[in-house]
Every structure is written in structure tokens, then in C-alpha cells.
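# pasted the sequence and its predicted model underneath.
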Amino acid sequence: MAPFFAKHYRCAAPSWSGMGGSDRRERYSFDLFLQEAMTVAEKTGLFAGPAKPVFIGHSFGGFPILEAAARHGERLGGVITVDTPIFSPERSRERRNKGAAWEMRPHKIYPTLEAALQRFRLVPAQPCENLFIADFIARTSLAQVQTPEGSGWTWRFDPFLWRDYEWEDPAPALSAPKCPLSILLGARSTLMQAGDIERMRRIPPPGTPIVEIPEAYHHVPIDQPLALVAAIRAVLAGWASASASGVNTPMNRGFA
């Protein structure tokens, strides 16, 4: 989606460590991913521009940027999360206990790119009409490797990432952002239950925009990319308008 914003913004798309484009680590944590987000913004010159950078994160990517809003929000123009799940401690434990039963093992190596692409799946499972986007993601999620039998293809992400990740509750960061915050949700997403969403709506500061993207499941950038672009543009325009008018609302919190 970056081309839709590149005319007016400098766009930087990081690959978190262990996620495929970057190397793997022995351990992962909130603090580590927060540091990565801030470092990418520093190294790409986003803090040197005339306007403060806006961080946008989908799903897990929303956790580090929520922490950035809570700890370093005075340096940010805003934070936008896209279907980032905020679970209660009880629901989080329940999900982790279920996850503990999954067998974690090294990735399978497929003999051909086509064989690997046939195994690509969205998690959680959902319908997907924009297959060309899913195909692009699948192709950029694979790497060619050498085996004793010859070359093959395997997934780039760390298969043990979640085993080695130090989980923390994102709710405290969600409740105390030091910059504008907006929450976008997939209207058809099944990641959070109704009780999770109701609880999540009570956590952010009053007036925080919470917008559902129609016809979108959890993978909003795949399901409804143009609607997501329009929603992000609307949020950014609202923040700019509130900042220019000097109105003291949650939408312009953190602006000078």
C-alpha cells in the first residue's frame, strides 16, 4: 500500500527480526521490537523530517508501535493499529496454552517454488478474494536453500519465534498513548471474540477513533486494501485538522 502514500510521505517498511526479511534471534521481546521500530525510523531519517512520523502496524505489528506511543509518543505524529488483538490476561493464557500443544519444528523444505506456494496459508484461516496479493506475500516469504539433495524452497520466518517470545500485556500501552491513536478493525475478523472487542473499546483514552473496515477479515491489507488506504488517509486528515485548529482532543494529543 506504500505507493498510495509515497507521493506525500516518506514510507519505510521494516521486517521485524525473525519475520523473514531480517535475521533470527535467540530471544524476542516487546522491548526488542520497540527498539527495532525506533531504530528503523532513526536510520531512515523519519525523525529528521518536518513532521513527526506516524507508525502503522497490522496484527502483531501493532504491539511494538503501541509501546512506542506509550514510551516515545512525544516523538510521533500518531499510531494506527490494524486488527491488532487485545486480549484479557485470561484469554491470552488460554491461547498460549493451546499454542503450547502445537508441534514446533524446523520448516519443511519443498523441492520447487510451486510446491511451496501450494502450502501457503493465512492464519487465522479466512476467505481470500485478492489472490494476487496473497501470491505476492507467499513468494516474498520464501527463500531458496541448498540441501544434500540439491536446491529447495522454505519459509523465511523463524519457526520458533513464538516459543522464544517474551509475552507482555499490551493493554497498559493502549491506555496511555502520548500521541494520537487510532484503531482500525476488520469487520469480519474472527481473531477477537465479541467480549474481547468490547473490553478493548474501553481501554484507550475517550474519543480515540475506532473504525471497522467493512468486508475485511483479519488480513485487512489483503481483503480491503483500498478501503484501508482510505481509512488511514481519513485518520491522518483528521489529526492534521485537529492539530491545525489547536483543538485539545484525543486526536491531537502529542502535537506541539
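It's in. Numbering: from 1, shown residues only.

# list the buried ones in stretch 113-127?
Ala116, Leu117, Leu122, Gln126 (16 or more other CB atoms under 10 Å). Every residue, glycine included, has its C-beta placed from N, CA and C.

# meant to ask about stretch 131-140
Ala134, Ala138.

# also stretch 207-214?
For stretch 207-214, using 16+ other CB under 10 Å, the buried residues are Thr208, Pro209, Glu212, Ile213.

# for Ala6, state which of the buried residues of stretch 113-127 is nearest.
For the buried residues of stretch 113-127, the residue nearest Ala6 by CB to CB is Leu122; the value is 26.4 Å.

# which SS class is the closest one?
coil (DSSP: H, G, I helix; E, B strand; the rest coil).

# can you tell me the closest non-neighbouring residue to it?
His219 (5.6 Å; CB to CB, 6 or more residues apart in numbering).

# counting neighbours, what do you get for that neighbour?
Neighbourhood size, His219 [other CB atoms under 10 Å]: 24.

# next one, pLDDT for it please.
You'll see His219 listed with a pLDDT of 97.

# quick check: it touching Cys128?
Yes - using CB atoms under 8 Å, His219 is in contact with Cys128, at 7.5 Å.

# tell me, what's touching these two both at once?
Leu122 (CB atoms under 8 Å, 6 or more residues apart in numbering).

# what about Arg93, how many residues nearby?
Applying other CB under 10 Å, we find 12 other residues in the vicinity of Arg93.

# chain center to whichever strand or helix holds it, what's the gap?
Using DSSP states H and E, Arg93 maps to helix 89-100. Distance, stretch centre to chain centre, for helix 89-100: 20 Å (CA atoms, centre = their mean, to the nearest Å).

# mean confidence for that helix?
On average, helix 89-100 scores 73.

# okay, now the unreliable bits of the chain?
Flagging of the chain using pLDDT under 70 yields the residue ranges 99-103, 246-256.

# all the strands of it, in order from the start?
28-29, 54-58, 78-82, 142-147, 150-155, 165-166, 181-186, 210-213 (DSSP state E).

# can you list those strands in a markdown table and add distance to Ala240?
Output for those, formatted as a markdown table (distance: least, CB to CB, whole Å):
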| stretch | distance to Ala240 |
| --- | --- |
| strand 28-29 | 34 |
| strand 54-58 | 11 |
| strand 78-82 | 10 |
| strand 142-147 | 39 |
| strand 150-155 | 40 |
| strand 165-166 | 36 |
| strand 181-186 | 13 |
| strand 210-213 | 17 |
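
# among those, which comes closest to Ile197?
Once those are compared by CB to CB, strand 181-186 is nearest, at 7.3 Å.
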